[in-house]
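Colleague: what would the 3D arrangement of this be:
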Amino acid sequence: MKNLIVVILMSACLNVFSQVNKGSMFAGGTMNYYSHNNKNEASTSINNFNSISSYKRVGFGTDLNYGFFVSDRIAVGPLFTIRQNRQESTYDYYDQTQYTDYKDSYMGIGLFARWYKMTKTEKFGFFIQLSGQYETDENSNKSRTVPKNPGYINTQNSSSYAGAGMLANLGTGVVYFINKKIGLEARLGGIQYQNSKGTSFTDGQKASASSTTWLNLNYTMSSFFFGANIYFGGKKTEAPPTSK
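Modeller: Alright, predicted model coming up:
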């Protein structure tokens, strides 16, 4: 009877970790949403007028992934990314009011590799993820100026950008398994390297071509992602045979 109890306990402990064993797989993703409003008022010496500026920024993003464990605790697989951002601004001066509308759309596709480090609880763990993606980025900025003095006319301007390149990201996250199949996870920021080329347009006409290379440490609110993965497949670790 004692041997049977020991076997049951050992089997339970060994099988909890089966989510990150060689041959296992996971599919799912994470998402991000943020909204930020700001209003600033400053006094001027012109006609005792207070200039007012305000903006509203909204963003959404999602990462979809499929991972295959090539060894215990190490998974690799494809990664698909979407980002959408928009910012609307208003600047109220003594002689004019300016409105701007900025939109940004980003898509990326590539591969990732992830290494897990589970804690003694065997339900909570940390991971490090390295990813590389081919990305496309398009943004537009429209502005409209409304004069307050008579005799002046409204003016409108628009600019846009379209580019593509490579993006590498090294980040960290945490995972918590609510059961043997579902793991909740959260990621915040990372080290990013980008190399891209693009073209800028002004009022629909080509203005310039540019290339960009930068290394960035990103730990802003737009870099926090939360989601879940479903773990499946793999072989359960077998418990040792009972002794008679």
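Colleague: following element in sequence after the lowest-mean-pLDDT helix or strand in the chain, please.
Modeller: One helix or strand of the chain scores below all others by mean pLDDT, DSSP states H and E: helix 2-16, with a mean of 42. As assigned by DSSP states H and E, the chain's next helix or strand after helix 2-16 is strand 24-43.
Colleague: got any ranges where this protein has weak pLDDT?
Modeller: Within the chain, the segments meeting pLDDT under 70 span 1-18, 43-50, 235-244.
Colleague: skipping adjacent residues, who's closest to the residue nearest the centre of the chain in space?
Modeller: The centre of the chain sits closest to S223, judged by Cα atoms, centre = their mean, with a distance of 5.1 Å. Nearest residue to S223, sequence neighbours excluded (Cβ to Cβ, 6 or more residues apart in numbering): G189, at 4.3 Å. Glycine gets a C-beta too; all of them are placed from N, C-alpha and C.
Colleague: residues near the one you found, how many?
Modeller: 19 (other Cβ atoms under 10 Å).
Colleague: quick check: it touching S222?
Modeller: No. Here G189 does not reach S222: they are 9.5 Å apart, not a contact under Cβ atoms under 8 Å.
Colleague: quick one, strands of the protein?
Modeller: For the chain, the strands defined by DSSP state E cover 24-43, 50-71, 74-92, 96-118, 124-147, 155-177, 182-188, 190-202, 205-218, 224-233.
Colleague: which of the residues in the third one are buried?
Modeller: So the one you mean is strand 74-92. Across strand 74-92, burial judged by 16 or more other Cβ atoms under 10 Å covers A75, G77, L79, T81, R83, N85, Q87, S89, Y91, D92.
Colleague: now stretch 155-164
Modeller: Buried residues in stretch 155-164, counted by 16+ other Cβ under 10 Å: S159, S160, Y161, G163.
Colleague: hmm, the second one is touching F201, no?
Modeller: I take that to be S160. Yes. Under the criterion of Cβ under 8 Å, S160 makes contact with F201 at 4.7 Å.
Colleague: what residues are up against R83?
Modeller: Listed by Cβ atoms under 8 Å, 6 or more residues apart in numbering, the contact set of R83 reads G59, F60, G61, D104, S105, Y106, M107.
Colleague: redo those residues as CSV? Include distance to A209 and neighbour count.
Modeller: CSV is the format used below for the contacts of R83 (distance: Cβ to Cβ, whole Å; neighbours: other Cβ atoms under 10 Å):
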residue, distance to A209, neighbour count
G59, 27, 17
F60, 29, 15
G61, 27, 19
D104, 19, 16
S105, 20, 15
Y106, 19, 17
M107, 21, 16
